[in-house]
Every structure is written in C-alpha cells, then in structure tokens.
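Chemist: need coordinates for the below:
(2 chains)
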Amino acid sequence: MRAAASMTASKQGATTMTERSVSVAGGQFKTDVIEEGKGQPVLFLHGTFGLDADRFLNRLGDQYRVVAPRHPGYSGSTGSERLLDINDLIYYYLDFLDAEGLRDLPIVGHSLGAMFAAELAAVQPERFSKLVLMDSFGLWNPEYPVADFFAMMPRELGATLYHDPESPTAQAASKPPEENEAFIAYMLERAKSLATAAKYLWPIPNRGLNKRLHRISAPTLLIWGESDKLVPPRYGQDFQAGIKGARLELIKDAGHLPQVEQPDQLAETVLSFLGQK
Amino acid sequence: MKLEMFHLMPYRELPQDFDERYRSVWVDVPSQLMDPLKVHQMYNDTLDELELAAVSGFDGVCVNEHHQNAYGFMPSPNIMAATLARRTRDTAIIVLGNSIALYNPPIRVAEEFAMLDCISGGRLVAGFPVGSSMDVNFAYGANPATFRDKYYEAEDLILKAWTNPEIFSYDGKYTQLRYVNLWPRPLQKPHPPIWIPGGGSIETWGWSLQKGYLYAYLSYAGFKRGKMVMDGFWKKADELGVEKNPYQGGFLQLVAVGETESEVQDKFGPHGEYFYNKMLHVYPGFADAPGYRTIDTIKAGLLSQTTQFGEAPPKMSWKQLLEAGNIVAGTPKQVTEQLEQVIKDLHIGHLMVLSQFGSIPHDLAMENIKTTATQVLPKLRGIWDGQWEDKWWIHPMSSPQMPGPLRYQQPAAVNGGQHTPSRQPAGAPAGD
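Modeler: Model prediction:
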C-alpha cells in the first residue's frame, strides 16, 4: 500500500520494466504506464492504494507484456477532474485502450481496479479474452459490509489489510517513509489517490455493477485473499453467482493484498488461468 | 463593532464516562444516549437563551447546522431561525449556515433563506458553509472527491436564483433545472449579506475575498489559533489588493463572565472541561474524508506541522483552556480587556460569542448572556467607529409587521430551576 510516488525506483530483478506516459482522448489525459515483459499483452488495473512494480507484476512479465496504467488521479496520471463518476471512468478506459491499440486481451484487476475491470468486461464483452478479478470492490451486501477503510486510522487500516499485519512484509509495505520531505510527498500522494478512489467507492462501493455483471462473457477467475477483512471473500461468491462460469480461488494466508503477502502463489494461479486454452 | 451570540445546542447530559466508552460524539454517537424529553427542554432552553441575547443587547443571534452530533443538534438551523424571526424584532438572524451543496437541488436553500428574510423583515444573514467532513461526507454521504466543486456550483446557482429576475435554465455539472424561478425572493436587495463560515481551508480565504463575502473562522481552538488563521486571511487580502475592512472578518469565541475569577472557575470550569474533553471527542477517522480538504490545504498543514494525524487532542483543564485562549473568562473588566485585544489582534468586526457551552445549565447560561450583554458589549461596540463601515450587515425594512417587542419573562422555577416537561414521560399510557 506504499503510495505510488515512492514506487518508481523500487524495481529490481528483471530488466524489462519500462515507464512511459500516454496521451489519451486527444490529450485530455496524460496517463503513466508501467510495462513489464514481452509477448501477448495483458492489461493490469491496480487497486485502491496505488500501483507498485512488485514481484507479482514481475512474474506476469516473465510470460506476457503487462500494461499497467495508473488511474487518473494517481501519482503522475492527470485528468481526474474530468471524471465525475464510474461512467466517465469506463469511457476513459475505452479511450485508453484505443490509444494503446489494445483489444482481444486478458484483463486483470485488483481491488478498485478489479471493479473497473468488471465494468469494462461488461460494457465491451467482446474486447476481453479473459477476466481476473482479485479482491474486487463493486458489490454491496449489508449482511457482510465492505469495511469503511476511508474512516480508518493508519494502524486500523494495517490491521484490516493484511492476513498478518505484524509480518515483516506487511510492516514494510505499510510503513510511511521517515524522512520529512519523503513523508510529506507520501501523505500528499495518499490523500490524492484515496480522494480519487472515493469518487468511485464513497460512501458505499456500489455503482450498480450487479445490474451489468450478467453481460460478462469472458472466462473469469475470481481470486480472494482468504482473510480479506476489507472486502470479505463472501463477495467472491457473489461475483461468482453473477458471472456465468466464473471460478473462485482463495489464497491462503493473504488478506486484501495477496500480491504483497503471497506474490508467488498469486502469480502462479493467474498464469495458470491465463495459459489455459 | 458587532457582537453576536452563537449557540451550538449541545446535549448537556452525556454520561460522565462518555469519552472512555464511546469513540465519537459525532457520526456514530449512540442515539440511545439521547432522551427526547430532555431534548424538548434543551431546544426550548436554547431558544430562550437566544431570545434573551436578542433583547439584551447582542446585535445578532447565530444558529448553525450539524448532523448526527451530540454537541450541536440543530440539523436544520432554519427551523430555529424561523421561530427566532417571529420572537425577535430588530436583531440579525444569522444562519451560519446551510451547507448548500447538500441540498438537492440547492435552490431549496435559496427558497428557505428567502422565506426567512421575508418573515423577519430583512434581518437574515445567509451563511454558506462547505460543512464539516463529519456532517457532509460521513453523516450525509456526499462524495468528498467532488464536494467542493459542487459547493462552488451551488453558490453560483443560488446567487443567480436570487438575483436574476427572469426565469432561467441551469445546466450544471451537479444540478440541472429547466425552470429556475424562486417564489419568494429575498427582501434584502440584491440579496442578504453572505457570510462564509470556515474551518481553516486556505482556498476559502481567497474565494471569500474575491466574492466580497465575510469570512468567519468558527473553531473552538480559541484566539491564539484564530490569530494564525485570520493572519492568513488578511495576508491573502493584501495579496489580492482587497481593503482590510475588519467587518469582512468574523470569529467565534467562548466567553464566561462572573463576579470574580474564582467564582467563574467554580461555576463554569466543569462545563468548559465537559465541552472540550467530552463533546469534542470526535473519532479522528471522521475528521477528514479523502478529498474533503484540497491538496494545498493538506500541504500547508503538513508544512506548518499544525496537522496531527490520528492524534486525539489532549485533555485540558479549565486553567489550561484559559491559558491556551480556548475560553475567555473572568470578571466583566477582564473579559472586556481580553476581547478588545482579540478583536484588534485578529482585526475583526464581528465577534460571535458562545455564551452557553458544554453542560452549562440554563440559568447559568442566562446569567452569562445577561452579564456579557450589559457589562461587556457596550464597551466593545465602538472599537471601529469612524474608521470602517460594515458592508456585511442586514438592511431590515423600515416598518415590519412584526409582533410587538418581546418582553422576556423568566420561566417559573420548578425543581431547582429545571423546567418540567409538560408531556407525559415516555412509556405513559397512550391516549393523553
């Protein structure tokens, strides 16, 4: 959940990661894109807390060309003020895909980005060959409500996001930088990105996706951290009930951010699904 | 100099261990702690107190809007203002205000304010707050990412609705209306004075100055914090080349007056501590929904290190509250001197006095109002005379058809000064 501002230099390992800026909708948006690997393209839409060129993306990049845009309002991606609601956001992503010349490709989304991915797969079902939704927002059931993370203080948020908040991995991922200037940049990026997420999730993360889920025709894999306390795995079952033929896989010892707590298992699960004919 | 009395309308009887047992006085404060019979009494006490202020020398009476809040439960200040409009005669009715972007469509506010202005004979001051994050985002569910933008649009629409004599259509980002045509329109022309109550967002300073509206800093942080904020406001006025007329600035201050310092401490001390230590017990997660404050304001807070993330304010004793400037208290002479200093230091033409705060019982609040009105206000009123003109004040009509001036009568004291609710208590047999 480290804010995106601090992420650009965090990449190690494989050498194929590039970062570039794309002009979308005649220059109305400048979108930062992280790209990993070569080969068939896969669109990755990041979650509520920003985009990290992490081990999970790195592993996907071993076999695919992963195109991971930062949503407008996150880090250097501009134009968020032009997006008032989820409809605007869907059209923005259609523009982005057009700008990149992307069609007939798998789409993988996490958290907020999974909600966007589901919307896109419902709006243009023929455009996406496969759909992977990880710990997705987008549905609401008052019996097991999505936790109100907008009202959480940092410590509570940490406790909610991870299977094991005390683990060194979780601690490292959620700790703000100590140095003053970096701390200010971190807090400002955090404020900006959460405000962007609020546009699509406030006060209840339900923008009517349940009315459109049946339109999704791509083979769909649903992945949930078994101990996701933010969006409980029950929502995985709800997505499964709404999307014909969807499969649900739970990741053990992971919360809302399986790519932080179980990156390898997550990558293997996703790669295996993408590799199926 | 104008001096107005402000009332928050607090619930005076929260349990002693409230701050230990519950996480917030606002948004998710348990409704089981509220007794509607006591609420009946407290509303009427509050109106009595504001009416007393109106007849004993205050220039105006102020009411404001909060939601799901035990220290201020006037969800609709317009209802309070409506009864005050009838029961007072020449006092300004200052509604501080209606959170204009919460109402759909916002011309609802334009209509109700026009009604209040007409009923009162042109005595309304129209306050347009953005509203706190607790109120607008958490209690009313408004989206923090777009709320400020929606606020600016609401202000634009209301002003057009008040001043455009023709029927017009409005194609806004947030509000679309085919026919905008207010019945009634405000009595004051072109419209009632507009005050912007702020909590310290820096963009509100420039906006209020450019629009020509009064900026009122409403916080309970007292005059030391108030000085920092008003200095920022006046510095912005310099930058924009706007004349620094003190009447364009307002400030809220808690005030307690009595015969001697020790008497004031004995009488008001526990109530001041109740207010700061129990009533301002707000869960910090509710203070600031993402997007509610602009990046510029957050940055200013981080750079000046005035913003503490996730820190609950420390508990304060009466003595500390006085030293920190949260409360101005003492004999009439001491209070007069200190308020004069506050007025001059902050360079303000409107001081809103909070005479009832926390658990101050009705009789003591009445005493405080009376003493402040008669022994403090007269000595402060002339501060800006001959130097500045108040361009942010009401213009009442000349011969309103109002009921006669209110003669205030002390309610008969029963049960040691407590009113006895005339209703049957809850649980009594139906059919009364």
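Chemist: grab the nearest non-local neighbour of A:Ala25.
Modeler: A:Asp95 (4.4 Å; CB to CB, 6 or more residues apart in numbering or on different chains). Placement of C-beta: from N, CA and C, glycine included.
Chemist: which helix or strand contains the one you found?
Modeler: helix A:86-100 (DSSP states H and E).
Chemist: tell me which residues in that helix are buried?
Modeler: A:86, A:89-90, A:92-97, A:99-100 (16 or more other CB atoms under 10 Å in any protein chain shown).
Chemist: so who does the residue nearest to A:Ala25 touch?
Modeler: Taking CB atoms under 8 Å, 6 or more residues apart in numbering or on different chains, we find A:Asp95 in contact with A:24-25, A:29.
Chemist: again, but for B:Ala256
Modeler: Contacts for B:Ala256 (CB under 8 Å, 6+ apart) come out as B:264, B:267-268, B:272, B:327-330, B:335, B:368.
Chemist: spell out which residues of the stretch 201-350 of chain B are next to chain A.
Modeler: B:283-286, B:289-291, B:293, B:295, B:298-299, B:302-303, B:309-310 (CB under 8 Å from any CB of the partner chain).
Chemist: sorry, back to before: of the contacts of A:Asp95, closest to chain B?
Modeler: Chain B lies nearest to A:Phe29 out of those, by CB to the nearest CB, at 16.6 Å.
Chemist: hmm, back to that, most surrounded residue in the contacts of B:Ala256?
Modeler: Using other CB atoms under 10 Å in any protein chain shown as the neighbour criterion, B:Ile327 leads the contacts of B:Ala256 with 28 neighbours.
Chemist: and A:Arg70, how many residues sit next to it?
Modeler: A:Arg70: 23 neighbours (other CB under 10 Å).
Chemist: looks like it contacts A:Thr31 (just checking).
Modeler: Yes. Here A:Arg70 reaches A:Thr31: they are 6.7 Å apart, a contact under CB atoms under 8 Å.
Chemist: give the residues shared as contacts by those two.
Modeler: In contact with both A:Arg70 and A:Thr31: A:Ser77, using CB under 8 Å, 6+ apart.
Chemist: which helices and strands sit right next to the helix or strand A:Ala121 falls within?
Modeler: Take DSSP H and E as the rule and A:Ala121 turns out to sit in helix A:112-123. Secondary-structure packing of helix A:112-123 (3 or more CB pairs under 8 Å, 6 or more residues apart in numbering or on different chains; DSSP states H and E): strand A:41-45, helix A:86-100, strand A:105-110, strand A:128-134, helix A:180-201.
Chemist: try 10 Å this time
Modeler: Where contact means 3 or more CB pairs under 10 Å, 6 or more residues apart in numbering or on different chains; DSSP states H and E, helix A:112-123 is packed against strand A:41-45, helix A:86-100, strand A:105-110, strand A:128-134, helix A:180-201, strand A:220-225, helix A:234-242.
Chemist: what residues does the stretch 51-200 of chain B have near chain A?
Modeler: B:133, B:137-147, B:149, B:173-174 (CB under 10 Å from any CB of the partner chain).
Chemist: sorry, back to before: now, of the residues of the stretch 201-350 of chain B next to chain A, which are buried?
Modeler: Buried members of those, scored by 16+ other CB under 10 Å, are B:283-286, B:289-291, B:293, B:298-299, B:302.
Chemist: just for the chain, where's the confidence low?
Modeler: You didn't pick a chain, so chain A it is. For chain A, applying pLDDT under 70 flags the ranges A:1-15.
Chemist: ah, no, chain B please
Modeler: Across chain B, the ranges flagged by pLDDT under 70 are B:304-313, B:404-406, B:408-432.
Chemist: would you map the helices across it?
Modeler: Assigned by DSSP state H, the helices in chain B fall at B:18-21, B:36-56, B:77-87, B:107-119, B:133, B:147-163, B:202-211, B:222-240, B:261-274, B:295-304, B:318-323, B:332-346, B:362-371, B:377-380.
Chemist: most widely separated two among the residues of the stretch 201-350 of chain B next to chain A?
Modeler: By the measure CB to CB, B:Tyr283 and B:Leu303 form the most distant pair in these, at 25.7 Å.
Chemist: ok so, going back, neighbour-wise, which of the contacts of A:Asp95 leads?
Modeler: Neighbour counts for the contacts of A:Asp95 (other CB under 10 Å) peak at A:Val24, which has 24 neighbours.
Chemist: does that one touch A:His71 like I think?
Modeler: No. Using CB atoms under 10 Å, A:Val24 is not in contact with A:His71; the gap is 11.6 Å.
Chemist: need the residues touching each of the two.
Modeler: The contact sets of A:Val24 and A:His71 overlap at A:31, A:77, A:92-93, A:96 (CB atoms under 10 Å, 6 or more residues apart in numbering or on different chains).
Chemist: contacts only, for A:Gln63.
Modeler: Shown in contact with A:Gln63 (CB under 10 Å, 6+ apart): A:37-40, A:42, A:267, A:271, A:274-275.
Chemist: how much space between the residue lying closest to B:Thr294 once chain neighbours are set aside and chain A?
Modeler: Counting by CB to CB, 6+ apart, B:Glu203 is the residue found nearest to B:Thr294 once chain neighbours are left out, at 5.8 Å. According to CB to the nearest CB, to the nearest Å, B:Glu203 stands 15 Å off from chain A.
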